[in-house]
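Chemist: Let's see this in three dimensions:
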Amino acid sequence: MEIRNSATGDQASTRSSALRSRALWGELAALIVISLPFLFIGLGHDFLDEGEGLYGAIPSEMLACRDWILPHFDGLPYLEKPPLYFWLTAATLALGVSTEWAARLWSALPALGSVLLTWRLGARLSGREGGVLAGIALATCAGFALLARRASPDLLVVCCLTLAMYGFVRDLDRPAGRGRFVLFYLGMGLGLLAKGLIGVFFPLVIVGVWRVWMGRPRLGDLNLPVGAALFALVALPWHLAVAWRNPGHFWFYLVDNQVLRFLGRRAFLEDDVPISTLGFLVVSFLLFFPWSVFLLARRRTGAPAWGSLAAIWAVIVVGFFASSGSRLEYYALPAFPALALLVGGAWTERRGIGIWLMPGAAGSGLVGMWALWAGGSLTAAQVLRGLGELNVYYRILREQGLPLPFPSPDPFGHLLQALGLTLLVGWTIAVVCWRRGWSRGSFAALLLTAGGIAALILQLLHLIEPHHSARAVAAAIVERAGADDIVVHEGSLEYSAALPLYAGRRVLVLDGRRGDLEFASRLPEAQGMFLDREEFVHLWQGERPVFLVTQRPPSRSVVTTLPPGSLHEVGLYGSRHLYSNRPQGAKVSGGFPAGSRRGPTPGRPRCLVPGRAEVGRGG
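Modeler: Predicted coordinates for the structure are as follows:
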């Protein structure tokens, strides 16, 4: 009898395990299916400078020069960021995929990784349904839809932080052993290689504050010897190699670029325009929309003891950057997995959702009606002001008193009206479903609203692409310039960072030391690369053909100081004027019109570092 009961129990346990396994696979498949359109559609459009071209050009030079220690941009050392993102992108480029797709893949893939880790964290915090809803909220928020299509290491560090927090929560109640908390330390090591000190700072401070909050300040159970060894194995080799190769580079990377930047006391100037504290909080709310409406929905008091970890995580990240003097609009991203955990738990328990659903619907309804009205009469100044709250490039234009750099505000008005309609329809359906007791239908309506917002973001990127992309002007240069001709960019090169990549040559810089190349401009290898106006005019009047690329209007450009008869306009390509000091550089039949999608497609990347075996033509 006992043998029979034991066999029956084993069979029941096996069936239960099989059902759990199928459920997990089903949840995983559902999250991937939902995430794919939000995160992976539209990764191949041109680089949208400012700045984005950096993250395509640097891995290209790394691969071509075979220098995996010291990243380079336009042939100069670049240590604003550590190398993990560049390594991953360069390795993907080696497979033969396009530069744009490879660079953005390492935004989209870490975004998906963060979604899956948040799912597993949520399952421990709020049960299986809470984990799935948290993962969906993270995958479909406006910020992930936008920044998964931006080449940068920002979502990579989000994934590393989420991995560290998952490793901590997973092993919190496990028996002591050598493998305990290894994912926590691995996440910190990778985070340091992804974005610098914040990759270590955030996990340590979040866990430290939580342990003090819970009255568990002892550190002896954190497996420190194994964790420290693993962290050192992951993070130290590259840092030691850079410090040995050039101590000055290491000081700039570690002290000036990270510690002094937070304090607003950098030795090397940058021309970013920080967003205000209030603007930062408002934009963070919008980037996590529509789920940000439910962040304060009540949770039951019987949640696991470590449930407060998500709230502490979110407050520390947002508070840290809100107090920083160099905050940008997307700096709250590392808090988004924690915000998703709070929202997922609230929707699982259905507590407080109705209370916040009504104000959310009312606010979205008012904004929707305003968008339908304002979109029909939107002015250029209003568009520039709105874009300035979402991107530093437009804040710089606004600070300089420059006009909206698009022919008409009308396309932005049409997008605004579409957004208004999306908000009105989506939130109305969500409220109706909730009133009828269909809570899942209400969540699905908000999910569709998020899908509509993501589609509008994709349309917005296509709308601004011809203005921001350097591909068309690079195509004109490739068509006209010889191997020994000189290309000069007026102003900081970060704002046309894809130009060296698309043109396949080194670019000299006029009046553009500030920013990411401020430190590199003082190195011996930068000699002759950074020009003042007097040097440029002398070069312009010399024997060699010179091409000038500038985003400045003619009245504010160096072209007003050039001798009469020496200036030949080639054309306007998006936001960039192209001039030449030779008549043969002027407009020719069959040239590329402004905004053209024709032009050079980066193939095998060129090494632009002087002295390397594969220096590109014109370098």
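Chemist: Could you pull out the strands in this structure for me?
Modeler: Assigned by DSSP state E, the strands in the chain fall at 72-73, 76-77, 486-490, 508-510, 530-531, 546-550, 568-573, 576-580.
Chemist: how about TSV for those, with mean neighbour count and mean pLDDT added?
Modeler: C-betas here are computed from N, CA, C, even on glycine. Converted to TSV, the strands of the chain look like this (neighbours: other CB atoms under 10 Å; pLDDT from 0 to 100):
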stretch	mean neighbour count	mean pLDDT
strand 72-73	24	92
strand 76-77	24	88
strand 486-490	23	94
strand 508-510	21	93
strand 530-531	20	90
strand 546-550	24	95
strand 568-573	19	91
strand 576-580	24	93
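Chemist: So for Val282, which of those sits nearest?
Modeler: strand 576-580 (31.9 Å; CB to CB).
Chemist: Could I get the pLDDT score of the nearest residue in space to Leu286 that is not next to it in sequence?
Modeler: Closest residue to Leu286 apart from its sequence neighbours, by CB to CB, 6 or more residues apart in numbering: Ala142 at 6.5 Å. What the model reports for Ala142 is a pLDDT of 96.
Chemist: Low-confidence regions, the stretch 1-150 of the chain specifically.
Modeler: Filtered on pLDDT under 70, the stretch 1-150 of the chain yields the residue ranges 1-16, 18.
Chemist: what ranges do the helices span in it?
Modeler: In the stretch 1-150 of the chain, the helices defined using DSSP state H, counting those that start in this stretch lie at 2-40, 54-65, 84-93, 99-140, 142-147.
Chemist: any chance of the ones you listed in JSON lines, plus distance to Glu465 and mean neighbour count?
Modeler: Putting these into JSON lines (distance: least, CB to CB, whole Å; neighbours: other CB atoms under 10 Å) gives the following:
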{"stretch": "helix 2-40", "distance to Glu465": "18", "mean neighbour count": "13"}
{"stretch": "helix 54-65", "distance to Glu465": "14", "mean neighbour count": "26"}
{"stretch": "helix 84-93", "distance to Glu465": "20", "mean neighbour count": "22"}
{"stretch": "helix 99-140", "distance to Glu465": "11", "mean neighbour count": "25"}
{"stretch": "helix 142-147", "distance to Glu465": "14", "mean neighbour count": "24"}
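Chemist: Glu518 is nearest to which of these?
Modeler: Closest of the helices of the stretch 1-150 of the chain to Glu518 is helix 54-65, at 13.9 Å (criterion: CB to CB).
Chemist: how big is the angle separating the closest one from helix 99-140?
Modeler: 140 degrees (axes from the mean of the first three to the mean of the last three CA atoms, to 10 degrees).
Chemist: got a markdown table for the strands of the chain, with distance to Ala475 too?
Modeler: Below are the strands of the chain laid out as a markdown table (distance: least, CB to CB, whole Å):
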| stretch | distance to Ala475 |
| --- | --- |
| strand 72-73 | 21 |
| strand 76-77 | 24 |
| strand 486-490 | 13 |
| strand 508-510 | 19 |
| strand 530-531 | 24 |
| strand 546-550 | 12 |
| strand 568-573 | 8 |
| strand 576-580 | 10 |
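Chemist: how about these, which one is nearest Leu309?
Modeler: strand 72-73 (38.5 Å).
Chemist: Name the surrounding residues that touch that closest one.
Modeler: 54, 57-58, 61-62, 65, 78, 497, 500, 516-517, 520, 608-609 (CB atoms under 8 Å, 6 or more residues apart in numbering).
Chemist: biggest separation within these, which pair?
Modeler: Cys65 and Asp516 (18.3 Å).
Chemist: Could you list the low-pLDDT ranges of the stretch 201-350 of the chain?
Modeler: Applying pLDDT under 70 to the stretch 201-350 of the chain picks out residues 216-220, 248-250, 256-274, 298-307.
Chemist: those helices in it, which residues are they?
Modeler: According to DSSP H, counting those that start in this stretch, the helices that the stretch 201-350 of the chain contains are 224-245, 247-251, 261-263, 277-287, 308-322, 336-349.
Chemist: So which of those is the most surrounded?
Modeler: For these, average neighbour numbers computed from mean count of other CB atoms under 10 Å are highest in helix 336-349, which has a mean of 27.
Chemist: per-residue confidence at Trp540?
Modeler: In this prediction, Trp540 has a pLDDT value of 93.
Chemist: Skipping its backbone neighbours, what lies nearest Ala332 in space?
Modeler: Distance criterion CB to CB, 6+ apart; nearest residue to Ala332, sequence neighbours excluded, is Ser284 at 3.9 Å.
Chemist: now Ala380
Modeler: Ala380 sits nearest to Leu404 (CB to CB, 6+ apart), 3.9 Å away.
Chemist: Just give the number of residues close to the one you found.
Modeler: For Leu404, the count of nearby residues is 19 (other CB atoms under 10 Å).
Chemist: and it, what pLDDT?
Modeler: The model reports Leu404 with a pLDDT of 78.
Chemist: How much space separates the residue nearest to Leu286 from Arg170?
Modeler: Going from Ala142 to Arg170 by CB to CB, to the nearest Å gives 29 Å.
Chemist: swap in Phe252?
Modeler: Distance from Phe252 to Arg170, by CB to CB: 37 Å.
Chemist: Among those two, which residue is more densely surrounded?
Modeler: Between Phe252 and Arg170, counted using other CB under 10 Å, Phe252 has the larger neighbour count: 23 against 16.
Chemist: which ones are touching the closest residue to Ala311 other than its chain neighbours?
Modeler: The shortest distance from Ala311 to any non-neighbouring residue, by CB to CB, 6+ apart, is to Leu342 (6.7 Å). Leu342 is in contact with Leu295, Ala297, Arg299, Ala310, Ala311, Ala314, counting by CB under 8 Å, 6+ apart.
Chemist: And stretch 380-388, how far out from the chain middle?
Modeler: With CA atoms, centre = their mean, to the nearest Å as the basis, stretch 380-388 stands 22 Å off its chain's centre.
Chemist: Start at 148, not 1
Modeler: Right, with 148 as the first residue, what we last looked at is stretch 527-535.
Chemist: CA-only coordinates of that stretch, as PDB, when you get a sec.
Modeler: Written as PDB, here are the backbone C-alpha positions of stretch 527-535 (Å, rounded to 0.1, in the frame of the first residue of the first chain):
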ATOM      1  CA  ALA A 527       7.600  75.700 -35.400                       C
ATOM      2  CA  ALA A 528       8.500  77.200 -32.000                       C
ATOM      3  CA  GLN A 529       6.100  74.800 -30.300                       C
ATOM      4  CA  VAL A 530       7.700  71.800 -32.100                       C
ATOM      5  CA  LEU A 531      11.200  73.000 -31.200                       C
ATOM      6  CA  ARG A 532      10.200  73.400 -27.600                       C
ATOM      7  CA  GLY A 533       8.600  70.000 -27.400                       C
ATOM      8  CA  LEU A 534      11.500  68.200 -29.100                       C
ATOM      9  CA  GLY A 535      13.900  70.000 -26.800                       C
END
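Chemist: Please identify the buried residues of that stretch?
Modeler: Buried residues in stretch 527-535, counted by 16 or more other CB atoms under 10 Å: Gln529, Val530, Leu531, Leu534, Gly535.
Chemist: same question for stretch 334-347, mean pLDDT?
Modeler: Averaging pLDDT along stretch 334-347 yields 94.
Chemist: May I have that stretch exported as PDB, CA atoms only?
Modeler: Taking C-alpha atoms only, stretch 334-347 is exported to PDB below (Å, rounded to 0.1, in the frame of the first residue of the first chain):
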ATOM      1  CA  GLY A 334      26.000  41.800 -13.200                       C
ATOM      2  CA  MET A 335      28.100  44.400 -11.400                       C
ATOM      3  CA  GLY A 336      31.300  43.400 -13.300                       C
ATOM      4  CA  LEU A 337      29.500  43.600 -16.700                       C
ATOM      5  CA  GLY A 338      27.800  46.800 -15.600                       C
ATOM      6  CA  LEU A 339      31.200  48.400 -15.000                       C
ATOM      7  CA  LEU A 340      32.300  47.400 -18.500                       C
ATOM      8  CA  ALA A 341      29.000  48.700 -19.900                       C
ATOM      9  CA  LYS A 342      28.700  52.200 -18.500                       C
ATOM     10  CA  GLY A 343      31.300  52.700 -15.800                       C
ATOM     11  CA  LEU A 344      30.900  53.200 -12.100                       C
ATOM     12  CA  ILE A 345      27.100  53.400 -12.000                       C
ATOM     13  CA  GLY A 346      27.100  49.700 -13.000                       C
ATOM     14  CA  VAL A 347      28.700  49.000  -9.600                       C
END
